[in-house]
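**Student:** below is the structure, and that's it, no one-letter string:
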């Protein structure tokens with residue numbers, strides 16, 4: 001038999017499992033606070049689960065061929081966790097990575113913004129950025145009870161194209177109702193229309209093997225490239241506010257991303273880290289994207 005899992009590296013999003021029918025799915029976990037939610041195989045993590053790394057095992061059997069088993073780990077960061085959400089398609093996963101505090105966006109919080117998020121506070125460097133993307137309908141919360149923004153959650157390809165699709169006014173809504181040409185983007189997903197729109201306009205592409213990878217995390221250099229293409233699509237002219245001096249890890253920037261990173265640096269949208277690096281292959285968090293979008297989309301005004 002064949003066991004196919006849509007995205008097995010983390011618990012982000014729903015897992016798609018296929019096999020020769022009838023297929024029996026069994027799920028185990030290393031802690032009773034981690035459970036599987038129905039046969040969509042979405043992980044739910046109970047509030048208060050202690051920080052740590054937990055094994056998760058998925059086994060599928062059709063009663064004839066040998067069982068196919070997938071084992072991966074779930075990392076819960078200290079500080080708590082949240083439930084599923086409208087941007088992510090559902091997940092309790094909070095990735096672990098070094099914390100970075102970029103410079104705050106030099107603008108005030110949107111007038112009249114009522115902050116609904118329990119994990120976003122007025123003293124946070126990203127407070128204004130979250131206010132901007134929330135009040136403009138670009139990014140929403142990841143859970144409702146309690147209402148959380150999950151600032152340190154990684155952003156996926158499906159989330160990013162959905163945000164840009166909203167920024168463009170959701171053109172051609174419903175065009176992806178029947179699915180897309182990608183094997184992993186069926187109709188009816190929160191990102192289906194966005195993927196159809198973004199790929200049709202050359203803003204983002206698939207992997208070349210028929211997959212789009214909607215649940216794959218976005219790297220910083222890929223974020224720059226995608227936003228650069230969106231700027232060209234939307235007719236946004238990036239200003240030149242300073243010269244490009246390069247980064248200490250310049251050699252790590254892929255050739256396809258160099259022009260985009262340089263353009264966004266000159267425009268004052270990205271500035272790098274205190275050590276002079278840009279960490280092009282690092283994964284991007286929701287607040288980093290909110291901050292970059294705030295600076296980027298304000299150029300239009």
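**Tutor:** Nice, I can see it. Here the structure is a predicted model, which means the values were calculated and not measured. Numbering: from 1, shown residues only.

**Student:** what count of nearby residues applies to residue 248?
**Tutor:** By other CB atoms under 10 Å, the residues close to residue 248 number 12. C-beta coordinates here come from the backbone N, C-alpha and C atoms, glycine included.

**Student:** how close does it sit to residue 219?
**Tutor:** Distance check for residue 248 against residue 219: by CB to CB, to the nearest Å, it reads 18 Å.

**Student:** need the contact partners of the helix or strand hosting residue 290.
**Tutor:** Using DSSP states H and E, the element containing residue 290 is helix 286-298. The set of residues external to helix 286-298 that reach it, using CB atoms under 8 Å, 6 or more residues apart in numbering, is 87, 100, 102, 104-105, 107, 126, 128-130, 132-133, 136, 138-139, 149-155, 160, 163, 167, 218, 220, 223, 227, 231, 236, 264, 267-270.

**Student:** for it, what is the average pLDDT?
**Tutor:** Mean pLDDT, computed over helix 286-298, is 90.

**Student:** equivalent analysis for stretch 212-226, please.
**Tutor:** Mean predicted confidence for stretch 212-226 is 93.

**Student:** got the end-to-end distance for it?
**Tutor:** This stretch, stretch 212-226, spans 14 Å end to end (CA to CA, to the nearest Å).

**Student:** in it, which residues are buried?
**Tutor:** 212-226 (16 or more other CB atoms under 10 Å).

**Student:** those residues in helices, which ones?
**Tutor:** Per DSSP state H, helices hold the following members of these: 220-226.

**Student:** which one of those residues is nearest to residue 243?
**Tutor:** Using CB to CB, residue 224 comes nearest to residue 243 of those, at 17.8 Å.

**Student:** would you confirm that the closest one contacts residue 272?
**Tutor:** No - using CB atoms under 8 Å, residue 224 is not in contact with residue 272; the gap is 11.7 Å.

**Student:** tell me the domain ranges of the protein?
**Tutor:** Segmentation of the chain into domains, based on automatic domain parsing, reads 4-76, 155-298.

**Student:** now the terminal residues of the longest one, how far apart.
**Tutor:** End-to-end distance of domain 155-298: 21 Å, with CA to CA as the criterion.

**Student:** likewise for stretch 246-259?
**Tutor:** 12 Å.

**Student:** now swap in stretch 264-272 and tell me
**Tutor:** Stretch 264-272 has an end-to-end distance of 11 Å (criterion: CA to CA).

**Student:** what's the neighbour count on residue 137?
**Tutor:** 11.

**Student:** got it, and residue 252?
**Tutor:** Residue 252, neighbours per other CB under 10 Å, totals 15.

**Student:** mind checking pLDDT for residue 144?
**Tutor:** At residue 144, pLDDT is 85.

**Student:** beta partners of it?
**Tutor:** Note on residue 144: beta-bridge partners by DSSP bridges are residue 147.

**Student:** from residue 191, how far off is it?
**Tutor:** On the measure of CB to CB, residue 144 and residue 191 end up 20 Å apart.

**Student:** residue 269 is in contact with residue 242, correct?
**Tutor:** No - the criterion here is CB under 8 Å, and residue 242 misses it with residue 269 at 11.2 Å.
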